[in-house]
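**Student:** Pasting the sequence and the predicted coordinates here, then a few questions.
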Amino acid sequence: MGETMRGETDISFANYFITADRLRIIDMTRPYYIDYTCFITPKPQPLPQYSAVAWPFTGMVWAVVLITLLIIPPVVLLTGLLEPGVWFQQINNAEFYVVGIFLNRAHPIYLVPTSSGLRVLVITNWIAAMVLAVAYKSSLIAFLTVPLQASPVNTLEELLSSGLDWGVRDRGGWDEWFSNSLDPTSRKIAEGFQYVEGIEGGLARVLEGNFAFMNSGTFLRYLIASSYTDEFGETKLHIAKQCFVPFRIGLGMPLFSIYTARFNDVVAKVVEAGLVSQWFKDLLSTAERKQRNNLKKNITEIESEPHLKKTMNLGLYHVQDKPLSRAWLSAVPDTLWWTMTVRSPPGGLLIDYSQAGYTFNFLWLEGTNLGRPYRSVVAAVIPGS
């Protein structure tokens, strides 16, 4: 900036924001890019799998199902007055009957309704139960295979209720945009700002899992692609979708430069052709690809060391790995046979079983607990053995 102001350079570019203060000391072209301020937060961890039983349906659907189970039994009770027996005329029987329909449980032949009203009611409930059961089972399988991610922070309101601390660099005047705002939410954000030393300090706190850091959205996207992406293209960081305070970015030239008008024409043509956005996408793609290749190279070097191996944490999605599936199919029956026929010595017995490129370490123990005998098996898998 100083060289341009003194006329030592004809043109300069360094992510210059077009501001009134700068336009008083240098010329600037029309903006070739518009950047925004964004918060970067930790990416939320997957929800615990024990809660997967509730994921297939939304809260509204679960509420409708519950209300149905409360309303239909009295209706069955009323229509059951036309039945020859007295079984349907008891509320507890009607409740169990409706719940059995929704659980797809078969009913004995003597409970088949004979009156037209009750038959229509039962058939309608049976159709609804079948649709719900099919939708629930298929969705449950999907959620068990791929864990559901918790909702990330995307708005200022969500940030206020997230329990995270938030902050900004200790220089640059970033916080003034919020403190000078008339919006109540923005003023609450300004009151909670914590100051950090530089971008590295802010990102370090974000990676600790309890902090949100504000900076240029474009720069944050580049940092994630170039430094915080793993070998699978995943990252532990999330940039909020709600961004604010747009910045116009242009080229800088000495005051009253003869090149300003010419560069304005060039910038206009480049922007209209969409080249700036495409260049930035290519830059992100190249940075991410380079980061992933470097990580894969480091992992390959580590795995080439025979004494450096790591244990895998297995989930349901590992059955998609065909070699590992075949290894499990071979190893598990053998292990069950050993546990049923062979008694382990005191302290337990450790056996290595190699199959399909994997080593299975099985440790089984025998003993007594509160006077009762027990036999347990612990398994670990080491790839590439």
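**Tutor:** Received the coordinates, thanks. Numbering: from 1, shown residues only.
**Student:** what's the pLDDT at the residue nearest to G198 when sequence neighbours are not counted?
**Tutor:** The shortest distance from G198 to any non-neighbouring residue, by Cβ to Cβ, 6 or more residues apart in numbering, is to R169 (6.4 Å). The way it works is simple: take the backbone N, C-alpha and C, and place the C-beta from them, glycine included. Turning to R169, the model gives it a pLDDT of 85.
**Student:** Got phi/psi on R169?
**Tutor:** phi -60, psi 150 (degrees, to the nearest 10).
**Student:** List the contacts of it.
**Tutor:** Residues in contact with R169 (Cβ atoms under 8 Å, 6 or more residues apart in numbering) are 195-199, 202, 215.
**Student:** Export those as TSV, with columns for distance to G85, neighbour count and secondary structure.
**Tutor:** Listed next are the contacts of R169 as TSV, based on distance: Cβ to Cβ, whole Å; neighbours: other Cβ atoms under 10 Å; DSSP: H, G, I helix; E, B strand; the rest coil:
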residue	distance to G85	neighbour count	secondary structure
Y195	77	13	strand
V196	75	19	strand
E197	81	11	coil
G198	80	11	helix
I199	77	15	helix
G202	73	25	helix
N215	74	20	strand
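**Student:** For this structure, which residues score under the pLDDT cut-off?
**Tutor:** Counting by pLDDT under 70, the ranges of the chain that qualify are 106, 171-173, 301-385.
**Student:** center of it, which residue is that?
**Tutor:** Computing the C-alpha centroid of the chain and ranking residues by Cα atoms, centre = their mean puts Q149 first, at 3.6 Å.
**Student:** ok, so what distance separates that residue from F39?
**Tutor:** 18 Å (Cβ to Cβ, to the nearest Å).
**Student:** what do you get for D21?
**Tutor:** In terms of Cβ to Cβ, D21 sits 26 Å off from F39.
**Student:** go on, M1?
**Tutor:** In terms of Cβ to Cβ, M1 sits 28 Å off from F39.
**Student:** When the two are compared, which one has more neighbours?
**Tutor:** Remark: of M1 and F39, F39 carries more neighbours, 28 against 13, as counted by other Cβ atoms under 10 Å.
**Student:** The more buried one is in what secondary structure piece?
**Tutor:** F39 is part of strand 33-42 when elements are defined by DSSP states H and E.
**Student:** strand partners of that strand, parallel vs antiparallel please.
**Tutor:** strand 211-216 (antiparallel), strand 237-239 (antiparallel), strand 244-253 (antiparallel) (DSSP bridges).
**Student:** Between the ones you listed, which one is closest to A94.
**Tutor:** Evaluated over those, closeness to A94 peaks at strand 237-239, with 49.5 Å, by Cβ to Cβ.
**Student:** still on that earlier bit, wait, which of the strands paired with strand 33-42 is closest to D35?
**Tutor:** Using Cβ to Cβ, the strands paired with strand 33-42 put strand 244-253 closest to D35, at 4.5 Å.
**Student:** Switch the strands paired with strand 33-42 over to JSON lines; also include distance to D183.
**Tutor:** Below are the strands paired with strand 33-42 laid out as JSON lines (distance: least, Cβ to Cβ, whole Å):
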{"stretch": "strand 211-216", "distance to D183": "16"}
{"stretch": "strand 237-239", "distance to D183": "21"}
{"stretch": "strand 244-253", "distance to D183": "10"}
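**Student:** right, so the ones you listed: which one is the most enclosed?
**Tutor:** Of all these, strand 211-216 carries the top mean neighbour count, a mean of 23, counting by mean count of other Cβ atoms under 10 Å.
**Student:** contacts for that strand?
**Tutor:** 15, 35-42, 153, 159, 162, 164-169, 174, 196, 199, 202-203, 205-206, 240, 247.
**Student:** Do you have the strands of this protein handy? List them.
**Tutor:** For the chain, the strands defined by DSSP state E cover 12-17, 27-28, 33-42, 165-169, 193-196, 211-216, 237-239, 244-253, 349-355, 358-369, 372-383.
**Student:** The second one pairs with which strands, and in what direction?
**Tutor:** The strands that strand 27-28 pairs with in its sheet are strand 244-253 (antiparallel) (by DSSP bridges).
**Student:** And for the fourth one?
**Tutor:** For strand 165-169, the paired strands and their directions (DSSP bridges) are strand 193-196 (parallel), strand 211-216 (parallel).
**Student:** Tabulate the ones you listed (JSON lines), appending distance to A54.
**Tutor:** Formatted as JSON lines, the strands paired with strand 165-169 follow (distance: least, Cβ to Cβ, whole Å):
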{"stretch": "strand 193-196", "distance to A54": "36"}
{"stretch": "strand 211-216", "distance to A54": "28"}
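**Student:** how about this protein, which residue sits the furthest from its center?
**Tutor:** Distance to centre of the chain, Cα atoms, centre = their mean, peaks at P84 (56.5 Å).
**Student:** I appreciate the help and will end here.
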